[in-house]
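Engineer: give me coordinates for this.
(one chain, ligands or ions: 1)
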Amino acid sequence: MLETLKPQAADKILTLMAAYREDPRADKIDLGVGVYKDAEGRTPVMRAVKEAERRLVEQQDTKAYVGLLGDPAFTDAMRDLILGDAVPADRVSVAATPGGTGAIRQALELIKMAAPGATVWLSNPTWPNHPSIIKYLGMKSADYRYFDEATRNVDFDGMMADLDGIAKGDVVLLHGCCHNPTGANLTHEQWEKVADLLIAKGAIPFIDIAYQGFGDGLDEDAFGTRLIARRLPECLIAASCSKNFGIYRERTGVIMAISPEAGMKPVTQGTLAYLNRQNFSFPPDHGARVVTTILTDPELRADWMAELEETRNGMLALRQNLADELRQRSNSDRFDFIAGHRGMFSRLGATPEQVEKMRAENGIYMIGDSRINVAGLNAKTVPLLAQAILDAGV
Ligand code: LMR
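Structural biologist: All right, here's what the predicted structure looks like:
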């Protein structure tokens, strides 16, 4: 049997991680995978997470199964964190999942069950695992324009023109904030227009929100998600705790399915439980319990929010420093977009050859489409990257 298997195409982000690890150069710079790093290059365990874990070790007296949907205290807390009061709770079904990727997978499985013929529309570009999972599940997908290579900002006219071609019942995947890989995001007015169009077309929004709190703040980053959830009758949301709680390896996330009426919730929620049972049975609990402990304890929550703000402001400062450095060294404002982008990533607009040159000559690792992880920089490496970008001819 196993001899029939064919080699699978390698994931570009994970391949780059491995190449970086193997590079013997001491001064190499990792701007690849989307993992937060502090100025010393560490991915710290957040203070509130450490404290929540300490409490769990002391107080937890069983590791018995919880429930197929996860702990209701966790799913309630996540619903409130993401949606605020945008939608009545009796319309929102929530299930815990193994990370944001698990939530995306479950959402796609749900779409496949409920609307097998639907096309899932993806921003071009998007996180490479979106099309990869869709293809694996044998579903249909199409692209809508999103990024203007010239301005390095959102190509909103292109996006709206392409979404005008969607059919009733198609699914449109939107990044809730901090677009991955570009860093370019919709304005409030543009979110309103997207909502108008989706309503007019009878399309289903599917929001992937993996970086809440990394852009403009916890509530501000949820603006688009809340607006869509409030205005559209139905909505799917995949959310991750990997980044904003820094608990990547604990695999903590949720899928939310908002139904038009409360009466539909039992079946929708039952379907989420069924899908969890088929794919992995009970969702992981440790990260979820840490998140619940933090979100439901006022002191821990305040400390978590303060540390998240430090993280966010640190990334904003690095963006500004890089844009300033490039402005000074290039004597132009053509890299100012870096300061305007939000979240962990910016797409620089370098060619694959220029990206390769920076890797070979400067030991700078970024994704082949020139996505950089801003959090991989520090005060010392910002000037090195700026010079390498210019030397590569970007
Ligand atoms: C990324 O885009 O780098 C992160 O979402 C990590 C991953 O799993 O790809």
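Engineer: what residue lies at the spatial centre of this protein?
Structural biologist: The centre of the chain sits closest to Ala210, judged by Cα atoms, centre = their mean, with a distance of 2.9 Å.
Engineer: need the contact list for that residue.
Structural biologist: Gly100, His175, Gly176, Cys178, Asn180, Ala238, Ala239, Ser240, Ser242, Lys243 (Cβ atoms under 8 Å, 6 or more residues apart in numbering). In short, each C-beta sits where N, CA and C put it, glycine included.
Engineer: if we ignore the residues flanking it in sequence, what's nearest the second one?
Structural biologist: Looking back up the chat, that one is His175. Nearest non-adjacent residue to His175, counting by Cβ to Cβ, 6 or more residues apart in numbering: Asp208, 5.7 Å away.
Engineer: if we can go back for a sec, confidence score at the residue nearest to the centre of the chain?
Structural biologist: pLDDT recorded at Ala210 is 98.
Engineer: what comes up buried for stretch 17-31?
Structural biologist: Buried residues in stretch 17-31, counted by 16 or more other Cβ atoms under 10 Å: Tyr20, Ile29, Asp30, Leu31.
Engineer: dump those residues into TSV; add pLDDT as well.
Structural biologist: Shown next, in TSV, are those (pLDDT from 0 to 100):
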residue	pLDDT
Tyr20	95
Ile29	95
Asp30	95
Leu31	96
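Engineer: close to the ligand as well: tell me which of the residues you listed qualify.
Structural biologist: Filtering these for proximity to the ligand by Cβ under 6 Å from any ligand atom leaves nothing.
Engineer: which strands or helices does the strand or helix carrying Glu325 pack on?
Structural biologist: Secondary structure assigned from DSSP states H and E places Glu325 in helix 298-330. Applying 3 or more Cβ pairs under 8 Å, 6 or more residues apart in numbering; DSSP states H and E, we find helix 298-330 packed against helix 47-59, helix 286-295, helix 337-340, helix 381-391.
Engineer: give the contact list for the closest residue in space to Lys140 that isn't next to it in sequence.
Structural biologist: Spatial nearest neighbour of Lys140, excluding adjacent residues (Cβ to Cβ, 6+ apart): Thr119 at 4.4 Å. Counting by Cβ under 8 Å, 6+ apart, Thr119 makes contact with Lys140, Ser141, Ala142, Ile166, Ala167, Asp170, Val171.
Engineer: related to what we said a few turns ago, which one of the helices and strands packed on helix 298-330 lies closest to Ile247?
Structural biologist: Between Ile247 and the helices and strands packed on helix 298-330, the tightest spacing by Cβ to Cβ is seen for helix 286-295, at 4.6 Å.
Engineer: may I see the buried residues of the closest one?
Structural biologist: By 16+ other Cβ under 10 Å, the buried positions in helix 286-295 come out as Gly287, Ala288, Arg289, Val290, Val291, Thr292, Thr293, Ile294, Leu295.
Engineer: look up phi and psi at the residue of the stretch 251-394 of the chain found nearest the ligand.
Structural biologist: Nearest residue of the stretch 251-394 of the chain to the ligand (Cβ to the nearest ligand atom) works out as Asn373 at 7.1 Å. Per-residue torsions, Asn373: phi -90, psi 110 (degrees, to the nearest 10).
Engineer: number of residues surrounding it?
Structural biologist: Neighbours of Asn373 under the rule other Cβ atoms under 10 Å: 24.
Engineer: contacts only, for it.
Structural biologist: So Asn373 contacts Asp30, Leu31, Gly32, Val33, Gly34, Val35, Lys37, Met344, Phe345, Met366 (Cβ under 8 Å, 6+ apart).
Engineer: state the distance from the second one to Ala210.
Structural biologist: For Leu31, the distance to Ala210 (Cβ to Cβ, to the nearest Å) stands at 18 Å.
Engineer: now do the fifth one
Structural biologist: Counting by Cβ to Cβ, the gap between Gly34 and Ala210 amounts to 8 Å.
Engineer: mutual contacts of these two, please.
Structural biologist: Asn180, Lys243.
Engineer: is it correct that Asp143 falls within a strand?
Structural biologist: Yes: counting by DSSP: H, G, I helix; E, B strand; the rest coil, Asp143 is found in a strand.
Engineer: chain neighbours aside, what residue packs nearest to the residue of the stretch 251-394 of the chain closest to the ligand?
Structural biologist: Leu31 (4.8 Å).
Engineer: right, and the one you found touches Ile372 too?
Structural biologist: Yes: assessed by Cβ atoms under 8 Å, Leu31 is found in contact with Ile372 at 4.2 Å.
Engineer: which residues do the two both contact?
Structural biologist: Going by Cβ under 8 Å, 6+ apart, residues that sit against Leu31 and also against Ile372 are Met366, Leu385.
Engineer: if we can go back for a sec, quick one, the helix holding Glu325 and helix 47-59 angle?
Structural biologist: Relative orientation of helix 298-330 versus helix 47-59 (axes from the mean of the first three to the mean of the last three Cα atoms, to 10 degrees): 150 degrees.
Engineer: would you mark the buried spots in helix 298-330?
Structural biologist: Buried residues in helix 298-330, defined by neighbour count with 16+ other Cβ under 10 Å: 300-301, 303-305, 307-308, 311-312, 314-316, 318-319, 321-327.
Engineer: pLDDT (mean, whole number) over stretch 8-17?
Structural biologist: Averaged over stretch 8-17, pLDDT sits at 89.
Engineer: and stretch 358-368, by the same measure?
Structural biologist: Computed over stretch 358-368, the average pLDDT equals 96.
Engineer: what's next to it, contact-wise?
Structural biologist: Contacts to stretch 358-368, defined as Cβ under 8 Å, 6+ apart, come from residues 12-13, 16, 19-20, 23, 25, 27-32, 181, 348, 350, 352, 355, 372-373, 384-385, 388-389, 391-392.
Engineer: what is the neighbour count of the residue in the chain that the ligand sits nearest to?
Structural biologist: Relative to the ligand, the nearest point of the chain is Gly34 (3.1 Å; Cβ to the nearest ligand atom). For Gly34, the neighbour count with other Cβ under 10 Å is 23.
Engineer: which residue, other than its chain neighbours, is closest to it?
Structural biologist: Met344 (5.3 Å).
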